[in-house]
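Peer 1: need a 3D model of the sequence below.
(one chain, ligands or ions: 1)
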Amino acid sequence: MHCKHFLLLLSCLVGISASNEVVAQSGENTYKQVCVSCHGTGVLNAPKFGDKAKWAPLIAEGQVTLTAHAYFGVRGMPPKGGNPNLSIEGFSDALVYMVNNSGGNWKSPDAKTIAAINKEVEARKAGLNKK
Ligand code: HEC
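Peer 2: Residues are numbered from 1 along each chain as shown. From the prediction side, this is the model:
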């Protein structure tokens, strides 16, 4: 990252010292950049940000299953939230941000959980029916 300006330099330094907060921050940023356009208002019946009743049964599917199915794409939900460059980690953190503001309490997935999510995505790719 280039730190051309003083403020950018400051945020670079802060980024180094508070990497956990940066992860939470990046989930929020991704949500705002990619997911909010549909999930903010509930476009096409997307489960709305903060709607605990809608999110409860989804959260109950578990982090691995729900993250993988949403990342792969399900019904009106486009693969990767419609952003082909979005990594599974970036997608997961955006979902954690949404879940934690909609009645859940998930953590940013560790390497083991990411591996399990990837495996489930591969299973979907391998030709299992779209839900
Ligand atoms: C173009 C609109 C759109 C965008 C952008 C979008 N979603 Fe969705 N999403 C939907 C819709 C519509 C559904 C409901 C699908 C259904 O049940 O038919 C949905 C459903 C979901 C579900 C529930 C999946 C399930 O198994 O029922 C999750 C989780 C989800 N989205 C996460 C995300 C995340 C995270 C992002 C951003 C990275 C995102 N979405 C961006 C439209 C969108």
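Peer 1: tell me the residues of this protein that contact the ligand?
Peer 2: Applying CB under 6 Å from any ligand atom, we find that the chain lies next to the ligand at 30, 34-35, 37-39, 43-47, 58, 66, 69-70, 74-78, 81-82, 91, 94-95, 98. No exception for glycine: its C-beta is placed from N, CA and C like everyone else's.
Peer 1: give me the buried entries from those residues.
Peer 2: For the residues of the chain next to the ligand, a burial check counting by 16 or more other CB atoms under 10 Å picks out 30, 34-35, 38-39, 46-47, 58, 66, 69-70, 77, 81, 91, 94-95, 98.
Peer 1: so which of these belong to helices?
Peer 2: Cross-referencing those against helices under DSSP state H gives 30, 38-39, 58, 66, 69-70, 91, 94-95, 98.
Peer 1: save these as TSV, and put in pLDDT too.
Peer 2: Converted to TSV, these look like this (pLDDT from 0 to 100):
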residue	pLDDT
Thr30	97
Cys38	97
His39	98
Leu58	98
Leu66	98
His69	96
Ala70	98
Phe91	98
Ala94	98
Leu95	98
Met98	98
